[in-house]
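[1] I'd like to go over a predicted model; first the sequence, then the structure.
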Amino acid sequence: MNTSKISYKKPLLETPFHERTSEHCYANDWYRWAGYKVAKEYSSTELEYTSMRNTAGVIDITPMHKYDIKGEDAKKFINKLITKDITNIQSNQVAYGIWCNEDGMVIDDGTIFCFNENHFRIFCAERNLNWFSDTATGFNASVEDISPSIAALAFQGPLSCKILNLLKVENIENLKPFHFNNYNLENHNVTISRTGFSGDLGYEIWCDPSQAIDVWDSLFKFNRDYKVLAAGMNALEMVRIEAGFIQPNVDFMSAEQALRPNRMRNPYELGLGWLVNLDKEYFTGKQALIRHKEKGPEKKLVGLDIEGDKPAVGSVLYDNSKKNQAKEIGIVTAAMWSPVLKSNIAIGFVSKEHYKLGSNVYAEIYHPEELDYRKIWAECKVVKKQFFNNPRRNETPAFT
Amino acid sequence: MKKFDVIIIGGGHNGLVASSYLSKKGKKVLVIEKNENVGGLAEYAESLNCISPIIKKELGINVNNINHSNNIISLEDNQNHTILSDKNGKLSFVQTNADENDQKKFLSIINNYKLFSKTLGAFMFQKPPRVKSGKRADLFQLISMGWKIRKLGKKNMRELLRVIGLNIADDLEDNLNNNNLMGLLSHEAVLGTNLGPRSPGSILTLLYKQAINDNIFNLNKIEVAEYINQLEDCCNKNTVEIIKSSEVKKILTQNNSVTGVQLTNGEGFESKYVMSNADPKTTYLNLLGAEILDTDFIRRTKNFRNKGNVAKLELALENEININNIDKKMNGKFIYAPGIKYIEHAFNANKYNKYSENPCLEFYVNQKTLSANVYYVPYLINTNHQENEIIERCVSVLSKFIPDMKIVKQKLITPNKMEEKFNIAGGHWHHGDLEIDQLLMMRPFYGSAQYSTPINGLYLCGAGTHPGGGLTGINGLNAAKKVIEDLK
């Protein structure tokens, strides 16, 4: 990392795309992510969101943490780290996984790229070097933080494959979901994976920081016909809620960062039980997870379909349609009005008695209206978190 | 593969106690010892104040006291040595340059500490309670601990709670003027720990050691070798199988449960119960393997403070040893730690992984031979000790008191050598520092207390468990009792 660029006056790092992102960022509205500045909003969050849902949007995800795991025991290391079994993973495949502490509480999630048996790369939102290094004790595997050496863009939207095709990225339409490969993009060797946060067709492009500006420019090359927009963190937040992806320290506290033990969450509470393989011989947290599974979750992170059109941001959830008889049963962690689904959606924790799909719960929404709050008692239906899941996302060859 | 009820890794003192107890209860026990002789680190123990009455009772072992005169001789550069004599636990001054007021205060401090360590001593020989277990027995034990402290009375309880986190230098400087007396008590507090007289918690280590040994000055009253012999006999009588000169390579497990052990020569033994007399780091990281333990647990294992800093020096001289200004017949424990400042300066080097330029010494003299504990000689990770230089420094200290030293034979056992010989990671006497966060139910660390481990059927019984080192045998006994309880 080039620390010489940081000073007390400029405490945040700039990503290799900064020359371009700062041009696009009319709002000059920046978000702090892992010591970098990335755009919160470029010009209009709604427009940026719409580009991701209708054409394609470009998001600077360089601040993602990237860790290289190398060595004879690299695969064994991953299998101790994450709750899922990756024994059968193939080269060029991507696995999504979570890792827990000894109490079976989720620390973070991430994507794991398999280059070969002895070389994996983990991408995640939070810093994990300490956890990974301690996990590597006893394995012939090295853990290296390579975050600054890779520049990354998410290129998400229904036309993303078409535009890559126009850029003559050969055979990109045949890249299967959760796979990656090396491609030639306008004479630059880049790695492209078919992964992303949008719940739609989309790619993530990984390149050397020196190629960053060229790669960025190429994605906007066909903008006369296909309006590709740079999208900020606010727009990303919208698509990820629609897709039902959860985020550490937003929807749940990372077990490494939570100060209050009862704020930690296990995978079953987060609805990620499908990522836990208790048949695997050993991984951190297995004994605790066996107990958690047996007991069943006390509360669960679910999707909520809410009546009306006022987003239930930060709302408390209740069990009764009559306010004076209602008991508190949960809380909303993320909420929005979904333009594409034309519905009022949210993700939130709901207690044991009410987390079954189809249950009715009630949210008290404080809707700000010109320096006053309108309090709305809104009925919500418990639904699957994945509100938006376009079949395009999983089709191969991809939509062009 | 041969099958046993219980396999014990390491024929150290605690391993022998555990195996004797288990075999007395009719279990088929195997002890595997790396060295040619059992006893482990007890080989280097110069002094043993008493054998715990519980061990005496449970195993029927009794070793007679040696009729040594029990003197503590604190050496002073100006040859005005202080001599204290200990008669059945009663201390009195034989010779000193301290004024009467200081002498009185010194004895009253010791009496005070004795009272406090008695309070601590009540928990010393029990299995420590498990916090948050929800079991009634654990809760009662916690309450009784609190009650014992409350029973000291308002004034004494307040005093105990005041000094328990304090450094010994502050307490002594508040009460005494004589440097030599302050050095003497500071020495007892910091020997075998990673503390200096000004490190917080150094009073607690003194109280704790006193509670273990039943005496503030750990005197040489029991022949350690004889004690170990008796323990070995006790094992043999009860048909414990002891394999010597064999090293365990791996503890075998399946599905989070122990299945047996494998030796370095490839031989294997089967058992559902394995007790490890090795220190926690060696047990978890080498014998068991980090790859089957939770990451948080590995973190705690790695963070266990186990850096030894005492070396053993053995010297043989040409002539009989006479100490300046000390009567020839006068024998006992000699201490050279002439003041708080001197010890603290010696400790400064230890902070930076260097041995002290002017070391502190505790030694016993036997005609022509001298055997000393030297500190601070810290355990080094990547470099080797300049042994000759350390010996030179010790000799230059000794030569202040012993005229015409002609050395015939010299041997220095550094913490690194102890690690190599006894497989003790860090070469620490107590397998790990006796400090407030590594004591009682926190010893060695959370997730491994009460002699149990995260692996079913694996137990710790070494000095790394409660109540720590000091040849009490309580670790081995309590661990064996726990195994018996679980075998039912």
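    It's in. Numbering: from 1, shown residues only, chains lettered A, B, ... in the order given.
[2] kindly list the longest helix within chain B.
    helix B:100-124 (DSSP state H).
[3] what does it contact?
    B:91, B:93, B:96, B:98, B:141, B:144-145, B:148-149, B:151-152, B:156, B:159-160, B:163, B:171-172, B:175-178, B:181, B:185, B:203, B:206-208, B:210-212, B:214, B:216, B:440, B:467, B:472, B:474 (Cβ atoms under 8 Å, 6 or more residues apart in numbering or on different chains). C-betas here are computed from N, CA, C, even on glycine.
[4] swap in stretch B:157-168?
    Contacts for stretch B:157-168 (Cβ under 8 Å, 6+ apart): B:112, B:116, B:119, B:149-150, B:152, B:171, B:185-186, B:189-190, B:197-204, B:206-207, B:436.
[5] can you show me the CA trace of that stretch as PDB?
    C-alpha atoms of stretch B:157-168 as PDB (Å, rounded to 0.1, in the frame of the first residue of the first chain):
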ATOM      1  CA  MET B 157      -9.900  -8.000  53.600                       C
ATOM      2  CA  ARG B 158      -9.400  -4.400  52.500                       C
ATOM      3  CA  GLU B 159      -5.700  -4.800  52.800                       C
ATOM      4  CA  LEU B 160      -5.700  -8.000  50.800                       C
ATOM      5  CA  LEU B 161      -7.700  -6.400  48.000                       C
ATOM      6  CA  ARG B 162      -5.300  -3.500  48.100                       C
ATOM      7  CA  VAL B 163      -2.200  -5.500  47.700                       C
ATOM      8  CA  ILE B 164      -3.400  -8.200  45.400                       C
ATOM      9  CA  GLY B 165      -2.700  -6.200  42.300                       C
ATOM     10  CA  LEU B 166       0.100  -4.200  43.700                       C
ATOM     11  CA  ASN B 167       3.800  -4.500  42.900                       C
ATOM     12  CA  ILE B 168       6.000  -5.600  45.800                       C
END
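[6] who in the stretch 201-350 of chain A is up against chain B?
    A:E281, A:Y282, A:T284, A:G285, A:Q287 (Cβ under 8 Å from any Cβ of the partner chain).
[7] now a PyMOL select for only the buried ones of those residues.
    Typed into PyMOL, the line below selects the buried ones among those, using 16 or more other Cβ atoms under 10 Å in any protein chain shown:
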select buried, chain A and resi 282+284+285+287
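[8] helices - which of the residues of the stretch 201-350 of chain A next to chain B land there?
    Going by DSSP H, the helices hold A:Q287 from these.
[9] before we move on, the earlier item: and the contacts of helix B:100-124, which are buried?
    Of the contacts of helix B:100-124, these count as buried by 16+ other Cβ under 10 Å: B:91, B:93, B:96, B:98, B:141, B:145, B:148-149, B:152, B:160, B:163, B:171-172, B:175-176, B:178, B:181, B:185, B:203, B:206-208, B:210-212, B:214, B:216, B:440, B:467, B:472, B:474.
[10] and B:G60, how many neighbours does it have?
    For B:G60, the count of nearby residues is 11 (other Cβ atoms under 10 Å in any protein chain shown).
[11] spit out the contact partners of it.
    Contacts of B:G60 (Cβ under 8 Å, 6+ apart): B:C234.
[12] local confidence estimate at it?
    Per-residue confidence (pLDDT) for B:G60: 87.
[13] for it, give its distance to B:L231.
    B:G60 sits 11 Å away from B:L231, going by Cβ to Cβ, to the nearest Å.
[14] what's the pLDDT at the residue in chain A positioned nearest to chain B?
    As assessed by Cβ to the nearest Cβ, chain B sits closest to A:G138 within chain A, at 3.0 Å. pLDDT recorded at A:G138 is 94.
[15] A:P297 too?
    For A:P297, the model assigns a pLDDT of 95.
[16] what sits against it?
    A:N266, A:Y268, A:E269, A:K352, A:Y355.
[17] repeat the analysis, applying 7 Å as the threshold.
    Residues in contact with A:P297 (Cβ atoms under 7 Å, 6 or more residues apart in numbering or on different chains) are A:Y268, A:E269.
[18] any idea how far B:E320 is from it?
    A:P297 is 78 Å from B:E320, by Cβ to Cβ.
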